[in-house]
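1. no FASTA, just this:
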């Protein structure tokens, strides 16, 4: 009987803990006001660099 009680109490405790912690959830915070999307020079430069890298890889592959 003591061996069964030794295994049952931790299992029941963990189940109760999971149930009670699930009910303590937080509500959703209001989202900040959306800013207008903008494009800076850095994003454009990275896009151009990516395209040039792919072109260089294709040319290298074709001539190798």
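-> On my side now, so go ahead. Just so it is clear, the model here is predicted, and its values are computed rather than measured.

2. need the strands for the protein, in chain order.
-> In the chain, no segments count as strands under DSSP state E.

3. residue ranges for the helices of it, please.
-> Secondary structure of the chain (DSSP state H): helices at 2-22, 41-63.

4. hmm, who's touching the longest one?
-> The reference is to helix 41-63. The contact list for helix 41-63 (Cβ atoms under 8 Å, 6 or more residues apart in numbering) is empty. C-beta here means a position set from N, CA and C on the backbone, and glycine is covered the same way.

5. state the mean pLDDT of it.
-> Averaged over helix 41-63, pLDDT sits at 89.

6. what of the shortest one?
-> Averaging the model's pLDDT scores along helix 2-22 yields 71.

7. if we can go back for a sec, need the helices of the chain in JSON lines (columns: mean neighbour count).
-> Output for the helices of the chain, formatted as JSON lines (neighbours: other Cβ atoms under 10 Å):
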{"stretch": "helix 2-22", "mean neighbour count": "9"}
{"stretch": "helix 41-63", "mean neighbour count": "9"}
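
8. residue 32: which of those helices is closest?
-> helix 41-63 (21.3 Å; Cβ to Cβ).

9. okay, the helices of the chain in JSON lines with distance to residue 32 next?
-> Formatted as JSON lines, the helices of the chain follow (distance: least, Cβ to Cβ, whole Å):
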{"stretch": "helix 2-22", "distance to residue 32": "28"}
{"stretch": "helix 41-63", "distance to residue 32": "21"}
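
10. confidence score at residue 27?
-> 61.

11. equivalent analysis for the one 3 residues further on, please.
-> With respect to pLDDT, residue 30 has a value of 69.

12. now the one 3 residues further on
-> Per-residue pLDDT puts residue 33 at 65.

13. swap in the one 4 residues further on?
-> pLDDT, the model's per-residue confidence, is 66 for residue 37.
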